[in-house]
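> got a predicted structure plus its sequence, pasted below:
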Amino acid sequence: MRIGVISDTHGLLRPEALASLEGCQRIIHAGDIGKPSVLAALRAIASLDAIRGNIDNGDWAQGLPEYLELDHNGVRIYVLHDLKRLNFDPAARGIGVVISGHSHKPAIQRRDDKVLYLNPGSAGPRRFKLPISLALLDIDSGQARAELVMLG
């Protein structure tokens, strides 16, 4: 299963991001969506799971959860916007992947050979000199593997 992971769009959904997400079976947005039209465009590509980030205010965002716990092909995934708010040991809860956004810094890190931490970076407006990016998460036979996609 291929899952597109995107975050921090801040209301800007680039054509390159949409093209990179084509063919994904699911998409996860890790918050700071910015506008409801971003969600609609992502839903047109694949099934969407999304959480609310710190800039997501207004009626359109009230129904979005602050975090999600998902299960895809035998891998448990925990999604939150700001990794600093993670207040439990994911390995102890059987979480295989932790997805976060907020920092705008793309990163893939495996901790203790058990938990994959994934921050897709920001796919929205450029912040400082940080890259524009998203990630692709492949889950196969209970194993998770991620790659970053640089958009600019």
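Perfect, thanks for sending it.
> helices of the protein, start to end?
With helices called from DSSP state H, the chain shows them at 15-21, 36-43.
> which elements pack onto the first one?
When contacts are defined as 3 or more CB pairs under 8 Å, 6 or more residues apart in numbering; DSSP states H and E, helix 15-21 sits against strand 2-6, strand 133-140. Just so you know, the C-beta spots here come from the backbone N, C-alpha and C atoms, and that holds for glycine as well.
> pick the most deeply packed of those strands.
strand 2-6 (a mean of 26; mean count of other CB atoms under 10 Å).
> how confident is the prediction for R126, by pLDDT?
Looking at R126, its pLDDT is 89.
> right, and the helices of the chain - which one's nearest F128?
Closest approach to F128 among the helices of the chain (CB to CB): helix 15-21, 19.2 Å.
> how about the closest one: buried residues?
Judged by neighbour count using 16 or more other CB atoms under 10 Å, the buried positions of helix 15-21 are 17-18, 20-21.
> can I get the residues you listed in CSV with distance to I95?
Shown next, in CSV, are the buried residues of helix 15-21 (distance: CB to CB, whole Å):
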residue, distance to I95
A17, 26
L18, 29
S20, 25
L21, 24
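> between those residues, which sits nearest P125?
Nearest to P125 among the buried residues of helix 15-21, with distances taken as CB to CB, is A17, at 12.2 Å.
> which pLDDT value goes with the residue nearest to the closest one when sequence neighbours are not counted?
Closest residue to A17 apart from its sequence neighbours, by CB to CB, 6 or more residues apart in numbering: A123 at 4.7 Å. pLDDT recorded at A123 is 96.
> measure A123 to G4 for me?
To G4, A123 is 10 Å away according to CB to CB, to the nearest Å.
> which neighbours do these two have in common?
L134 (CB atoms under 8 Å, 6 or more residues apart in numbering).
> that older thread, in JSON lines: the helices of the chain, plus mean pLDDT and distance to A146.
Supplementary listing: these in JSON lines, determined by pLDDT from 0 to 100; distance: least, CB to CB, whole Å:
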{"stretch": "helix 15-21", "mean pLDDT": "97", "distance to A146": "14"}
{"stretch": "helix 36-43", "mean pLDDT": "98", "distance to A146": "18"}
